[in-house]
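**Student:** show me the folded form of this:
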Amino acid sequence: MTQLHPLIQRLTAEYGLPLLDPGNLNTFCDAPGDAVLFCGGDPVQHPECLDVAVVLPELLRAFPGRFRAAVVSTALESEIQARYGFNRKPTLVFLRGGAYIGALSGIQDWAVYLDRIQELLAAPPSRPPSIGIAVNALGPAVCH
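**Tutor:** Now for the predicted structure:
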């Protein structure tokens, strides 16, 4: 298992956020109510993840009892990224009873977090976006 950066480990140790792995992912996601998945990525490649790791407990305090949060393990990040269609890390993925609501990528201004999360908590579930794949035709653009 990959060693977590101390700021991310703090989310699990000090704030009690579960670290999601294949054994507890579905149980956490499918539970009733609103949930947030923190997909931080590698702090060396995505240094903003450490900023979001510091902000996440503050967001939980700003919206007391409105949503629960968890840290996605490194082993699951690619699966979560494909499932919920985001292409930037760090990302906070919002779910309701396992259904996709939306996502916030990167570090944001505090006011943006507050406004956007309020919108997400009021939004109905929707289909997650898909990650675009470029398609190039090798032959003429003719259909027979």
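**Student:** buried sites along the helix or strand where P57 lies?
**Tutor:** In this structure, P57 sits in helix 48-62 according to DSSP states H and E. Buried positions in helix 48-62, judged by neighbour count with 16 or more other C-beta atoms under 10 Å: E48, C49, L50, V52, A53, V55, L56, L59, L60. C-beta: built from backbone N, CA, C; applies to glycine.
**Student:** need the pLDDT of the third one.
**Tutor:** The reference is to L50. We note a pLDDT of 96 for L50 in this prediction.
**Student:** re earlier: in TSV: the buried residues of helix 48-62, plus distance to T91.
**Tutor:** Shown next, in TSV, are those (distance: C-beta to C-beta, whole Å):
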residue	distance to T91
E48	10
C49	9
L50	14
V52	9
A53	13
V55	13
L56	12
L59	14
L60	17
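**Student:** and the helix holding P57, what does it pack against?
**Tutor:** Helices and strands touching helix 48-62, by 3 or more C-beta pairs under 8 Å, 6 or more residues apart in numbering; DSSP states H and E, are helix 6-13, strand 34-39, strand 68-72, helix 110-122.
**Student:** by how many degrees do it and helix 6-13 diverge?
**Tutor:** 30 degrees (axes from the mean of the first three to the mean of the last three C-alpha atoms, to 10 degrees).
**Student:** give me the contact list for helix 48-62.
**Tutor:** Residues from elsewhere that reach helix 48-62 (C-beta atoms under 8 Å, 6 or more residues apart in numbering): 5, 7-8, 10-11, 15, 17, 36, 38, 40-43, 67, 69, 89-90, 92, 106-107, 113-114, 117.
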